[in-house]
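*Asks:* 3D model of this:
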Amino acid sequence: MKLKEAARKFSRTARFDEFTEDKHAHVVAWARLPESLVLYTAREAVAILHQHWTREKGHLPFHDDAVSAVEAHLRKVPIV
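*Replies:* This is a model prediction of the structure:
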């Protein structure tokens, strides 16, 4: 099975920008995990990522194109 097919089967989407809290909750329920704890952890992880990326991106050995790609990707993160 290809990766996108597996992602669609698992989370009802293969697109990262469509992986909303609702879809996240669906996966959490499927895995029988505590929804509030998992969603809290996901929101916290995304917030920490944004915090550190903003502070550290200028100090990392990334080409400007890579930084732009990460920035574009982060604007699409639906769980914030």
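
*Asks:* Tell me how many other residues surround residue 49.
*Replies:* For residue 49, the count of nearby residues is 13 (other CB atoms under 10 Å). Where C-beta positions appear, they are placed from N, C-alpha and C, glycine not excepted.

*Asks:* Skipping adjacent residues, who's closest to it in space?
*Replies:* If you skip the residues right next to it in sequence, residue 49 has residue 74 as its closest partner in space, 7.6 Å away by CB to CB, 6 or more residues apart in numbering.

*Asks:* Wait, residue 21 touches residue 77, no?
*Replies:* No. At 11.2 Å, residue 21 does not count as touching residue 77 under the criterion of CB atoms under 8 Å.

*Asks:* From the opening residue of stretch 53-63 to its closing one, how far?
*Replies:* Taking CA to CA, to the nearest Å, stretch 53-63 runs 15 Å from one end to the other.

*Asks:* Tell me how far stretch 19-29 lies from the chain's centre.
*Replies:* Taking CA atoms, centre = their mean, to the nearest Å, the mean C-alpha location of stretch 19-29 is offset from the chain mean by 12 Å.

*Asks:* about what we covered before: how close does the residue nearest to residue 49 get to residue 44?
*Replies:* Noted for residue 74: a distance of 16 Å to residue 44, by CB to CB, to the nearest Å.

*Asks:* State the three-state secondary structure for the residue nearest in space to the middle of the chain.
*Replies:* Taking CA atoms, centre = their mean as the criterion, residue 77 is the residue nearest the geometric centre of the chain, at 5.5 Å. Following DSSP: H, G, I helix; E, B strand; the rest coil, we place residue 77 in the coil state.

*Asks:* Just give me the neighbour total for the spatially closest residue to it that is not a sequence neighbour.
*Replies:* Nearest-residue entry for residue 77: residue 46, 5.6 Å, with adjacent residues in sequence omitted and distances by CB to CB, 6+ apart. Here the number of neighbours of residue 46 (other CB under 10 Å) works out to 15.
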